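1. give me a 3D structure for the following:
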Amino acid sequence: MGYGFKIMVEGDYACFTRPELKIERVSYDVPPPGALEGVLKSIYWKPAIRYVIDKIIVFNPIRFANIRRNEVKDKVSYSAMKSQMLGKGGDPCIYTTQSRSQRASMVLQQVRYGVEFHFELTGIKNDDEEDAENKHFNIIKRRLEKGQCFRTPCLGCSEFPVKKLTLVSDFDMSQIADEILEAGDVDLGFMSYRVVFQDGGIPVGGDWENPRFSDKAATAYYRPHMIRGVIDVSKYREGVKC
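-> Residues are numbered from 1 along each chain as shown. Next up is the predicted model:
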């Protein structure tokens, strides 16, 4: 195991969309490890490291809210974008008046999680220095302490930003809600672990000067239990299925 950290993550709303529900968004009861990796990558990311979630602690009661949101149902056309960049015309714009679609969403509200994680070296574009691990550790620690990020960390959807993220030395387990403690051992069922890209983070042909990555990916699943608010992700890692 590499260098580890413990952080507290809070937000007014969160939506960790279940992939089996295509039309309306319905959130998982708890965040998938992959979503929390995304929060960490918003703070600091390099091809040389990967984040590994070890533990998730749910502090607040699990509460849902039903909302309706306007979304666009189309994607920007790659061919139209490329054509315009080459000066050949084409309209890559999405017009919301024509592409807008109103959808219902079942989202989590007033969330507060403890996240224990570590990072490992990937062997991709690693630094030549012998002390590379320690260098990354110090950068991550400094950025967590100062609240720095290069994009706003979000809780599942970009419109649900992280309200507060704090580096802690240990978790105060006495702050776990009574409702969560009384639930005891909760089988969360099969849920997304993370999205696994087939290229392993290496660009086509290993060209780092002009990187192009493959979009081919598969979702890995696992079946965790939340025991008195604690999801020991490391315990289920070997059982992850694509």
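
2. show the contacting residues for Ser27.
-> By CB atoms under 8 Å, 6 or more residues apart in numbering, the contact list for Ser27 reads Ala14, Cys15, Phe16, Thr17, Arg18, Phe64, Ser105, Met106, Val107, Leu108, Gly156. Yep, even glycine has a C-beta here, placed from its N, CA and C like the rest.

3. give the ChimeraX command for selecting the buried subset of the residues you listed.
-> Of those, the buried ones go into a single ChimeraX selection, burial set by 16 or more other CB atoms under 10 Å:
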select :14,15,16,17,18,105,106,107,108,156
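
4. could you export the contacts of Ser27 as a markdown table, including pLDDT and distance to Glu24?
-> As requested, the contacts of Ser27 are exported to a markdown table (pLDDT from 0 to 100; distance: CB to CB, whole Å):
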| residue | pLDDT | distance to Glu24 |
| --- | --- | --- |
| Ala14 | 96 | 16 |
| Cys15 | 95 | 11 |
| Phe16 | 95 | 14 |
| Thr17 | 92 | 10 |
| Arg18 | 91 | 10 |
| Phe64 | 96 | 13 |
| Ser105 | 90 | 7 |
| Met106 | 94 | 7 |
| Val107 | 95 | 11 |
| Leu108 | 97 | 15 |
| Gly156 | 92 | 15 |
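
5. take the contacts of Ser27 and keep only those in strands.
-> Counting by DSSP state E, the part of the contacts of Ser27 found in strands is Ala14, Phe64, Ser105, Met106, Val107, Leu108.

6. what is whichever strand or helix holds Leu40 packed up against?
-> Assigned by DSSP states H and E, Leu40 falls within helix 33-43. Under the contact criterion of 3 or more CB pairs under 8 Å, 6 or more residues apart in numbering; DSSP states H and E, helix 33-43 touches strand 49-58, strand 100-121, helix 132-146, strand 154-155, strand 191-197.
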